[in-house]
Each structure stands twice: as C-alpha cells, then as structure tokens.
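1. I would like to see how this sequence folds:
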Amino acid sequence: MKRSDITISVSLDENQVPDKIKWKADGTQDELAEAKAMMLAFWDKKENNTMRIDLWTKDMLIDEMKQFFHQTLLTMADTFEKATGEAEMSRDLRDFCDYFADRLQILSK
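-> Purely as a prediction, here's the structure:
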C-alpha cells in the first residue's frame, strides 16, 4: 500500500497566537511552504462527526480572509458535486458564493 504524508508546522507567539503556518505534502515542493491560514476537516467515522482545525496568522488581512472563505466555499461546491453527484445543490452553493462575493465586494466587476 502506498502512503503519502502531509506535514503542518505552526509557530505560536508568546500569546499562543499562530505566527507562522508552514506545510508540505509528499510529492510537492522540497521545503515547507508558508501559508497565512488553513482549514482542515476530518470525518470521524466512530463519532459520525466532523473534527476541524481552523487557524490563521496574526498578519492575515481581513480582505485576504474574505477571499480565502470565498475560494474555499467554491472548492467545497466542486468537491460536493464530485463526491455526491448533486449538481443542482452544487449550483445553489455556487450561487451563494456569488452572493457572498457581491455582498463583501471582493470580486472586480
């Protein structure tokens, strides 16, 4: 069986606030790549529940966070459609993403 590892390293400041987030996946870059935010979700099959880790660094700007959420929601719509075949609901989620971007004024016209 083949195995692939993902490494995530989070540096904290004196107040336990994330200062740096770095990550690397097998088969990608040689060094850890730096990120300002991450969302990680696991499905716990025993508890039938989602476990999440959401972190962002203190230098992540609010406008960057808005874009990060928008792009994450769009990719979730794609993943949901691929995993379930629910094309109509995925379109609805993408429509919400358009509304989200419009309300936050994060996309240029």
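
2. Would you map the strands across this structure?
-> Using DSSP state E, the strands of the chain run over residues 6-12, 18-25, 33-35, 37-44, 49-56.

3. would JSON lines of those with distance to Lys82 be doable?
-> In short, each C-beta sits where N, CA and C put it, glycine included. What follows is the strands of the chain, written out as JSON lines (distance: least, C-beta to C-beta, whole Å):
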{"stretch": "strand 6-12", "distance to Lys82": "20"}
{"stretch": "strand 18-25", "distance to Lys82": "19"}
{"stretch": "strand 33-35", "distance to Lys82": "24"}
{"stretch": "strand 37-44", "distance to Lys82": "16"}
{"stretch": "strand 49-56", "distance to Lys82": "18"}
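
4. what ranges of the chain fall below the confidence cut-off?
-> Residues of the chain that meet the criterion pLDDT under 70 lie in 108-109.

5. domains of it?
-> 1-59, 61-109 (automatic domain parsing).

6. Tell me which of the ones you listed sits most buried.
-> Greatest average neighbour count among the domains of the chain goes to domain 61-109 (a mean of 13), per mean count of other C-beta atoms under 10 Å.

7. Out of the strands of the chain, the one nearest Phe96 is which?
-> With respect to Phe96, and counting by C-beta to C-beta, the nearest of the strands of the chain is strand 37-44 at 17.3 Å.

8. by how many degrees do that closest one and strand 6-12 diverge?
-> 130 degrees (axes from the mean of the first three to the mean of the last three C-alpha atoms, to 10 degrees).

9. Sheet-wise, list the partners of strand 37-44 with their directions.
-> Its sheet considered, strand 37-44 pairs with strand 49-56 (antiparallel) by DSSP bridges.

10. So what touches stretch 18-29?
-> 4-13, 31-38, 55-58 (C-beta atoms under 8 Å, 6 or more residues apart in numbering).

11. Nearest to Cys97 among the strands of the chain would be which one?
-> Nearest to Cys97, of all the strands of the chain, is strand 37-44, at 15.4 Å by C-beta to C-beta.

12. What angle do strand 18-25 and that closest one make with each other?
-> Here strand 37-44 runs at an angle of 60 degrees relative to strand 18-25 (the same axes, to 10 degrees).
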